[in-house]
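Novice: Build me a model from this:
(2 chains)
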Amino acid sequence: MSHTVLVCDDAIFMRTMIGDILAQAGFEIVGEAESGVQAVAKYKELKPDLVTMDIVMPDMGGIDAVREIVRLDPDAKILMCSAMGQQALVVEAIQAGAKDFVVKPFQPSRVLEAVQRVLG
Amino acid sequence: MDLSQYAELFLAEAREHLSACNQLLLEWERNPTNPGPVGGLFRAVHTVKGMAATMGYAGVTDVAHRIESLLDLFRRNAHPASEEVIQLLFRARDALHQAVELSVEGRERELALAEIIAELDDAAGRVASAAPGGRVSSLPTPTPPTPPTPQAPGGPAAAPAQGRLVRVVLRPEAPLKGGRALLVLRKAQSLGAVYGVTPSPPELEADDFDGSLAFRLESSAPAEQVEATLRAAGDVEQVTVGGAEVPGPPREAASGAVEAGEVVRSRHTRVDRRRLDALMDLIGELVTARGRLSELAAERRDPAVDDVAIQISRLSSDLQTEIIQARMTPVWQLFDRFPRLIRDLARELGKQVAFRVEGKEIELDRAILDELGDPLLHLLRNAVDHGIETAAERRRQGKGPEGEVVLAAVREHSSVAISVADDGRGIDRTRILERARRDGVVEARAEALSDDQLLRVLARPGFSTAERVTSVSGRGVGVDVALTRMRALGGSIELHSELGKGSTFVLRLPVTLAIVRALIAGVGRERYALPLTYVSETVELGTAATTTVEGREAIVLRDRVVPLVHLRELLGVAGEIPPARRPIIVVEMGGRRAGVVVDGMLGQQEIVVKSFDAPQGTLPVFSGATIMGDGIPALILDAGGLL
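Specialist: Coordinates of the predicted model:
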């Protein structure tokens, strides 16, 4: 059975791109969220194997969403999607419980490597 | 030996260390029980002391020595620092800084250090007698190697120097190495206790962390398993466990982790700024000569000359790229001075402010970075003084008592955006609207101010809505300074403000000033250059419909009204009026547009921007000057000024 993924990003463009990269590698995109609040709600509902999480999102940011999700499920596997210059935020996200991170602009091979590390 | 030739190098390096001291003290102040920053502070002061002694600056050496002695007590005993001690260390750092500057200027006689020295000695005495087994140390030289401090995140403070030494080198291309290093440490902790992480965790997060770290791991796992586990953190190039088991540079590994950073950094060398500037000027002249050569080659139609012209053209382009790269400087070199400033300001105003810096590794041409200090200072002061509310007021607004100010740099396509954001009270537009109506920035019946209009009101010289003028800032004055400076640099400012939520200023700057592509236009007998960054299109006067809007001549371009600027009139060019069909260059900046009417278009070319001290009374429409291929100078038009 393929792994299920919840993709969280406020930009449709980014969601589509990450979704495509993962779908082509055989993952099943079971849901998308465009805010931290939605990410937490969808996580509860879908219990995905993997979450990709943008850092900067409206309502509730990605880091707070990580905290909330890890509180609900300490084994949650969350991959942060960050940009250059967000070192401090990435560190905060890892401290909050994110398992790994990738840096925009995304290279499919690097995204998949990181996903393997998170799931492995 | 004549030491004066080293004074400048001493100054540059001492300043860096003193700036680092500020950062480390701030960190220690936030968390006085964490001894992490003490090692770094000790090292920085120790280095300054050593350099000053070499230069023969007795005063600097003496103060540095006393600071070092005090720090040494904390380093050895790792007990928390009192508020009083940290404040003293801030003052001592400032005294040291002043001593350095005066000494380099040859004004050592003006130094008055007795008071701070007495205070330092006094504090050292008290700390030593308070600490069990403590003693006032007169430091032995050279400093003995200290055992690695236990400082693993969450790790127990157990006996140091146990377990195996593990060294990890991240792949050079790995992004956000600090984040990756943290994942490596997490993996290591899954195997056993981790001690003595070098560089210390805060240093790992610094932007100049080079990706090589070392720590002690207390675990019975075999070396291969340690390596495999750590590699699973991703982007790991090399793992060395216990020195010999895994191939790697063995001497280095054995000689200790502290030197790891220095080995990598040694490929850098210091170059005098003036030398870089001189190189840039020479390249500028080369680019100009190259343009002339290409023109001549085109006239000759000789294939051999053509070949050489093309080759020289390519070589000078490569050279230009290299030298621009060499001039690029990470913004932290400027940003690092602000945390201390914000802290001092917040204390003075009795406010609670958390200051965050993002994108420290983003690079800008050094010439631009040098010009950014003042504008950023003004904007940050405004943010703390006028933006952030007092803790009591914030509570009433339902906010946390601590305000936040964020200074962030982001690389955009061909520019860099630097933002200063606060989560304070925002700007009250209703109050400013009245003033804007009175000053004619908006029409008398205008109901609301856009962000852009708001910025224009704030940027009027002398504008202030502050009920009181504090020693810190009066709103508007800073914005005025910032806007003028941005224009001179070919950049722009944006403002977003929401009442009760805060304000954000975004400064947008070209990555480099030195060489830009420009459109060359003729007016009368002169030529003018307009950087292509701001040119959106060209149309012909007479082909587009002209109209009059609010008393200004304008053209309608795809349903948008674009006001016209006749350069001939603006510059007071006399002489024969050219034909009606003249080119209009449409310039655009920050969403505003204007059509600049010129006599003729003379093509595009790369120009070398020379800074330009405009004489008093010059029209504010020029941002610099350049030399054309034929050696005749031309002025560079400033899009911001034309709008």
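Novice: all strands for the stretch 101-250 of chain B, in order.
Specialist: For the stretch 101-250 of chain B, the strands defined by DSSP state E, counting those that start in this stretch occupy B:164-170, B:193-198, B:212-218, B:236-241.
Novice: SS state for residue B:548?
Specialist: strand (DSSP: H, G, I helix; E, B strand; the rest coil).
Novice: OK, contacts around it?
Specialist: In this structure, residue B:548 makes contact with residue B:554, judged by Cβ atoms under 8 Å, 6 or more residues apart in numbering or on different chains. C-beta coordinates here come from the backbone N, C-alpha and C atoms, glycine included.
Novice: on that earlier part again, and the strands of the stretch 101-250 of chain B: which comes nearest chain A?
Specialist: For the strands of the stretch 101-250 of chain B, proximity to chain A was assessed by Cβ to the nearest Cβ; strand B:236-241 is nearest, at 10.9 Å.
Novice: Can you name every helix or strand that the closest one contacts?
Specialist: Using 3 or more Cβ pairs under 8 Å, 6 or more residues apart in numbering or on different chains; DSSP states H and E as the contact criterion, the elements in contact with strand B:236-241 are strand B:164-170, helix B:223-231.
Novice: Taking strand B:164-170 as reference, get the angle to that strand.
Specialist: Between strand B:236-241 and strand B:164-170, the angle formed by their directions is 170 degrees, by axes from the mean of the first three to the mean of the last three Cα atoms, to 10 degrees.
Novice: what lines up beside strand B:236-241 in the sheet?
Specialist: Strand B:236-241 has the following strand partners under DSSP bridges: strand B:164-170 (antiparallel).
Novice: Please spell out which residues along the strand it pairs with are buried.
Specialist: Taking 16 or more other Cβ atoms under 10 Å in any protein chain shown as the neighbour-count basis, strand B:164-170 is seen to contain the buried residues B:164-170.
Novice: what residues does that strand touch?
Specialist: By Cβ under 8 Å, 6+ apart, the residues outside strand B:164-170 that reach it are B:177, B:180-181, B:184, B:188, B:211-219, B:226, B:230, B:235-243, B:248, B:253, B:257, B:260.
Novice: Return the distance of that strand from the chain's centre.
Specialist: Relative to the mean C-alpha coordinate of its chain, strand B:164-170 is positioned 32 Å out (Cα atoms, centre = their mean, to the nearest Å).
Novice: Backbone dihedrals for the residue nearest to the spatial centre of chain A, please?
Specialist: Per Cα atoms, centre = their mean, the C-alpha nearest to the average position across chain A is that of residue A:52, at 1.4 Å. Taking degrees, to the nearest 10, you get phi -100, psi 130 for the backbone angles of residue A:52.
Novice: For it, give its distance to chain B.
Specialist: According to Cβ to the nearest Cβ, to the nearest Å, residue A:52 stands 15 Å off from chain B.
Novice: give me the beta-bridge partners of that residue?
Specialist: Listed by DSSP bridges, the beta-bridge partners for residue A:52 are residue A:7, residue A:79.
Novice: what's the spacing between it and residue A:112?
Specialist: Using Cβ to Cβ, to the nearest Å, residue A:52 is found at 12 Å from residue A:112.
Novice: So for these two, which residues contact both of them?
Specialist: Once Cβ under 8 Å, 6+ apart is applied, the residues that residue A:52 and residue A:112 both contact turn out to be residue A:22.
Novice: Name the nearest residue to residue B:407, sequence neighbours excluded.
Specialist: Of all residues not flanking residue B:407 in the chain, residue B:357 sits nearest, at 5.1 Å (Cβ to Cβ, 6 or more residues apart in numbering or on different chains).
Novice: Pretty sure the one you found sits against residue B:341.
Specialist: No: the pair residue B:357 and residue B:341 does not pass the contact test of Cβ atoms under 8 Å, sitting 11.9 Å apart.
Novice: Please identify which of those two sits among more neighbours.
Specialist: Legend: neighbour count by other Cβ atoms under 10 Å in any protein chain shown for residue B:357 and residue B:341, higher for residue B:357 (20 against 16).
Novice: Using CSV, list the CA coordinates for the helix or strand that contains that one.
Specialist: According to DSSP states H and E, residue B:357 maps onto strand B:353-358. The C-alpha atoms that make up strand B:353-358 are tabulated as CSV, following Å, rounded to 0.1, in the frame of the first residue of the first chain:
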residue,chain,number,x,y,z
VAL,B,353,10.9,43.8,22.7
ALA,B,354,12.0,40.5,21.1
PHE,B,355,14.2,41.2,18.2
ARG,B,356,14.6,38.6,15.4
VAL,B,357,16.9,38.7,12.4
GLU,B,358,16.3,36.6,9.3
